[in-house]
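pasting the sequence and the predicted model now:
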Amino acid sequence: MTEFIPPGSRFHPLPSPFPMKRGGHLHGARIAFETWGTLAADAGNAVLIVTGLSPDAHAASNPANPAPGWWEPMLGPGKPIDTDRWYVICVNSLGSCKGSTGPASLNPATGQRYGLSFPELSIEDIANAAAEVVRSLGITRLACLIGNSMGGMTALALLLLHPGIARSHINISGSAQALPFSIAIRSLQREAIRLDPAWNGGDYDEAHYPESGMRMARKLGVITYRSALEWDGRFGRVRLDSEDPGHNDDDPFGLEFQVESYLEGHARRFVRHFDPNCYLYLGRSMDWFDLAEYADGDVLAGLAKIQVPRALAIGANTDILFPVQQQQQIADGLRAGGAQAQFIGMESPQGHDAFLVDYDRFGPAVRGFLDTLPAA
């Protein structure tokens, strides 16, 4: 498999060797990132965005790449994350296939793709790599650290491992530890990929790609990204017409309902644009993450070890993958550590993906928090 690098990506070489939390080192590794806005002379207006599992660093359009980004309505001049005021950095996670070093990258020691020889990946490794990018830009303290979904985990690890790196934090649909339901879903996703004969123990190529496994893994993910309320309101029990793509009268168990067709279309758009081994590694890194391990098994005490002056934790009340109670827990734990921390539970029907689609709710919350941040 090849990597999928957005045009206009910039790259920061990581220190070599770069140590990994669970053992091993990377040599010649790099992190892909993009920036927007202008860095102030004192570097006090920097905002870092760390992402969920699948996004690249192209959060919004910019001169180097005018294509819309995955968070386009949130980021830009006059938008909630206002690039007329803030210098914004978005990094692609270590372990991904969107420009940063991961299992799909070439191992400089062998000239072959890492595959399963890539060291075990943790959220802490992703956080440490992001911190290297920040410091390479001459930034000693971020104005704000923003993390979405898996990025919410990464942001908490970054704050814990690099005290004082940010003056404030926005945690969106994130968590301080993986819950059993989320672990179970990701376990099934990994199993679907690994049981596809084309996965071949992680040794595959473009001609022999585990498409069926990736399709099933992505469908499982998409089901949990939205809520039952939205599935019902959006699709109901509407059936496909005979002319609809995917409908096949000759297949007694083929696609019959519109919701099935939606999942199939979504999966097919994804499978050839993400590396299966990277999907396995990143998903497992979330399962392992638990701030309780830093505080004798107490997750709230682990959160209280984080020193950040101000914080906002936001979630959707219909989120089943990262339940809103986990964002409440983040706010409570950070407050116990001395932060001025606020929690907002959004009445959004879109579930976990709400922060990617429900901009009418999430946009004002993010803007309101950033607008009240003082100058450095």
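Cool, got the structure.

taking the mean pLDDT, what do you get for stretch 306-323?
The average of the pLDDT scores along stretch 306-323 is 97.

could you do stretch 175-191 as well?
98.

what residues sit buried inside it?
Residues of stretch 175-191 classed as buried: S175, A176, Q177, A178, S182, I183, I185, R186, Q189, R190 (neighbour count, 16 or more other Cβ atoms under 10 Å). To be clear about C-beta, it is placed using only N, CA and C from the backbone, and glycine gets the same treatment.

give me the domain ranges for the protein.
10-178+289-371, 183-279 (automatic domain parsing).

those domains: lowest mean pLDDT?
domain 183-279 (a mean of 90).

ok now that domain, how far from the chain's centre?
20 Å (Cα atoms, centre = their mean, to the nearest Å).

that domain spans what distance, first to last residue?
14 Å (Cα to Cα, to the nearest Å).

so who does the residue nearest the centre of the chain touch?
In the chain, the C-alpha nearest the mean C-alpha coordinate belongs to G52, at 0.8 Å (Cα atoms, centre = their mean). The contact partners of G52, by Cβ atoms under 8 Å, 6 or more residues apart in numbering, come to N148, S149, M150, G151.

show only the entries of those found in helices.
Residues of those located in helices (DSSP state H): M150, G151.

strands along the stretch 51-200 of the chain, start to end?
Assigned by DSSP state E, counting those that start in this stretch, the stretch 51-200 of the chain shows strands spanning 75-76, 81-82, 87-91, 144-148, 168-172.

contacts only, for R269.
So R269 contacts nothing (Cβ under 8 Å, 6+ apart).

is it in a helix, a strand, or coil?
helix (DSSP: H, G, I helix; E, B strand; the rest coil).

between the strands of the stretch 51-200 of the chain, which one is nearest to R135?
strand 87-91 (11.4 Å; Cβ to Cβ).

and that closest one, what does it pack onto?
Helices and strands touching strand 87-91, by 3 or more Cβ pairs under 8 Å, 6 or more residues apart in numbering; DSSP states H and E, are strand 30-36, strand 46-50, helix 123-136.

could you check how far the shortest one is from the centre of its chain?
Relative to its parent chain, strand 46-50 has a centroid offset of 13 Å by Cα atoms, centre = their mean.

before we move on, back to that, same list (the helices and strands packed on strand 87-91) but as CSV, adding distance to A339 and mean neighbour count.
Supplementary listing: the helices and strands packed on strand 87-91 in CSV, determined by distance: least, Cβ to Cβ, whole Å; neighbours: other Cβ atoms under 10 Å:
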stretch, distance to A339, mean neighbour count
strand 30-36, 27, 23
strand 46-50, 18, 28
helix 123-136, 18, 23
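
including distance to V222, could these go into a markdown table?
What follows is these, written out as a markdown table (distance: least, Cβ to Cβ, whole Å):
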| stretch | distance to V222 |
| --- | --- |
| strand 30-36 | 25 |
| strand 46-50 | 22 |
| helix 123-136 | 22 |
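
for those, which one sits closest to R218?
Here helix 123-136 is closest among these (Cβ to Cβ), at 21.0 Å.

now do that closest one: which elements does it pack against?
Using 3+ Cβ pairs under 8 Å, 6+ apart, helix 123-136 sits against strand 10-13, strand 30-36, strand 46-50, strand 87-91, helix 150-161, helix 276-288.

mind putting those into CSV with distance to D298?
Shown next, in CSV, are the helices and strands packed on helix 123-136 (distance: least, Cβ to Cβ, whole Å):
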stretch, distance to D298
strand 10-13, 35
strand 30-36, 32
strand 46-50, 25
strand 87-91, 30
helix 150-161, 14
helix 276-288, 18
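
looking at these, which is closest to A313?
Across those, closest to A313 is helix 150-161 (Cβ to Cβ), at 8.3 Å.

how many other residues sit next to the closest residue to A32 other than its chain neighbours?
Leaving aside its sequence neighbours, A32 sits nearest to G99 (Cβ to Cβ, 6 or more residues apart in numbering; 2.7 Å). Using other Cβ atoms under 10 Å, the number of residues around G99 comes to 24.

again, but for G24
G24: 15 neighbours (other Cβ under 10 Å).

that one touches S122, doesn't it?
No. In this structure, G24 is not within contact of S122 by Cβ atoms under 8 Å, at 11.1 Å.

look up how far E132 lies from T38.
22 Å (Cβ to Cβ, to the nearest Å).

same check on G24?
17 Å.

check R269 too.
Counting by Cβ to Cβ, the gap from R269 to E132 is 32 Å.

try P180
In terms of Cβ to Cβ, P180 sits 33 Å off from E132.

just the terminal-to-terminal distance for stretch 56-65.
13 Å.

how about stretch 37-44?
13 Å.

got it, and stretch 343-358?
Terminal residues of stretch 343-358 are spaced 17 Å apart (Cα to Cα).

so which bits of it are buried?
Buried residues in stretch 343-358, counted by 16+ other Cβ under 10 Å: 343-346, 348-358.

nearest to L263 among those residues?
Closest approach between the buried residues of stretch 343-358 and L263, by Cβ to Cβ: D353, at 13.6 Å.

residues in contact with stretch 368-376: which ones?
Residues contacting stretch 368-376 (Cβ under 8 Å, 6+ apart): 40, 42-45, 47, 80-82, 86, 141, 143-144, 167-168, 170, 310, 312, 342.

so how do I select the buried members of the residues you listed in PyMOL?
Typed into PyMOL, the line below selects the buried ones among the contacts of stretch 368-376, using 16+ other Cβ under 10 Å:
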select buried, resi 43+44+45+47+80+81+82+86+143+144+167+168+170+310+312+342
